[in-house]
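below: sequence and its predicted model.
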Protein chains: 2
Amino acid sequence: MARTSHRTAARAVEAQRRIREAGERVTTPRSAVLAALLAADHALTHHEVEEALAPVTPVDRVTVYRVLDRLVATGLAHRIPGEDRTWRFGANRRGPGGAHAHFTCSGCGRTVCLEETEVPAAVKVPRGFVPQRIELTVQGLCAACR
Amino acid sequence: MARTSHRTAARAVEAQRRIREAGERVTTPRSAVLAALLAADHALTHHEVEEALAPVTPVDRVTVYRVLDRLVATGLAHRIPGEDRTWRFGANRRGPGGAHAHFTCSGCGRTVCLEETEVPAAVKVPRGFVPQRIELTVQGLCAACR
DNA sequence: GGCGCGGATGCAACTCGGTTGCGTCTGCCT
DNA sequence: AGGCAGACGCAACCGAGTTGCATCCGCGCC
Ligand SMILES: [Mn+2]
Ligand SMILES: [Mn+2]
Ligand SMILES: [Zn+2]
Ligand SMILES: [Zn+2]
């Protein structure tokens, strides 16, 4: 438990450092949300973030939405559109621009970032179309649900 | 115009044939919805389907949802999750199981099926994970919006 | 350390894509 | 033609995300 809360504190500091370095104001909700993303082993929904913060640093629903939007806008996190019409958010652990694939488990509904998996650099598109970003999502069963 | 309505009628017949062949009951809403998907040059939202049918064969909002669900379940159409939290639907012109990529235009918001574009057959996933389906979406600008 | 301001938070009300329950209607089999 | 399971229409509902506005507070400045 001492170990755990030590890690938690370290994560909070790390989150604050990242926010400050991005030139953003360091506020309680922002640090708490980013720390939650950094702590998670899978991409979190708005609701999951809210729940994760509730016991220690309750944050208003709307603020969670706004903070996550801002983290995405400043490149500190990324948003993953899901099969179930809800967005999930993951911290950009290795800075912005790291295009990677995602895995969504149809058992537990969790989405994880596949930092290792290559996304094709280019694909064939119809004449006149200009590709900008490629998204690759794998559906299947995670190790736990298999 | 004679040409156009002739094509329209042909499409209605084709839609009915496909529905019957799938072992489903042939109803007015079902034929109309599938015919609309077959006629479209891009994947349609629920709302677009409803609008397309309104002038000739008005169909209740809820019925459109249910018909589209069923077309997907029977393999006559497929559902594409979008960046904007709405689903889009396309007819499965070449039968079910034809995995293909999609292109979403950030200008007009339209999504088109890239029937030509290969989806990688397999990707690297973490140990113990079982991939089932791979989805590839390209974001960019379409020829009209460029 | 205190001051002031612009941006951030909290709360309430709202939008909209999609769902559910239920009574009526109809495609299809006999 | 007759009967029934399944489809349709309508109304109420749900939940993710948004908007407007008053209050608060991080941070640069003294
Ligand atoms: Mn990710
Ligand atoms: Mn398609
Ligand atoms: Zn799982
Ligand atoms: Zn376009």
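Cool, the structure landed. Numbers count the residues shown, from 1 in each chain, chains lettered A, B, ... in the order given. Ligands and ions are numbered 1, 2, ... in the order given.

helix or strand for A:R17, which one?
helix A:2-21 (DSSP states H and E).

the inter-axis angle of the helix or strand following that helix versus helix A:2-21?
The first helix or strand that comes after helix A:2-21 along the chain, using DSSP H and E, is helix A:28-39. Helix A:28-39 and helix A:2-21 are oriented at 120 degrees to each other (axes from the mean of the first three to the mean of the last three C-alpha atoms, to 10 degrees).

and chain A, which residues reach DNA strand D?
Counting by C-beta under 7 Å from any atom of the strand, chain A comes close to DNA strand D at A:20, A:25-28, A:45-47, A:61-62, A:65-66, A:69, A:85-87. No exception for glycine: its C-beta is placed from N, CA and C like everyone else's.

out of those residues, which are buried?
By neighbour count, with 16 or more other C-beta atoms under 10 Å in any protein chain shown, the residues of chain A next to DNA strand D hold A:T45, A:H46, A:W87 as buried.

my guess is A:R88 is in a strand, correct?
Yes - with DSSP: H, G, I helix; E, B strand; the rest coil as the criterion, A:R88 is part of a strand.

for it, which non-adjacent residue is closest in space?
A:A43 (3.7 Å; C-beta to C-beta, 6 or more residues apart in numbering or on different chains).

give me the neighbour count for the one you found.
Residues near A:A43, counting by other C-beta atoms under 10 Å in any protein chain shown, number 24.

please look at A:L76 and A:A91 and confirm they touch.
Yes - counting by C-beta atoms under 8 Å, A:L76 touches A:A91, with 6.9 Å between them.

identify the contacts common to the two.
The contact sets of A:L76 and A:A91 overlap at A:L34 (C-beta atoms under 8 Å, 6 or more residues apart in numbering or on different chains).

circling back to that earlier point, which members of the buried ones among the residues of chain A next to DNA strand D additionally contact ligand 1?
The subset of those within reach of ligand 1, by C-beta under 5 Å from the ion, is empty.

what about the top strand by length along chain A and ligand 3, any contact?
Longest among the strand segments of chain A by residue count, using DSSP state E, is strand A:130-141. No - applying C-beta under 5 Å from the ion, one finds strand A:130-141 separated from ligand 3 by no less than 6.1 Å.
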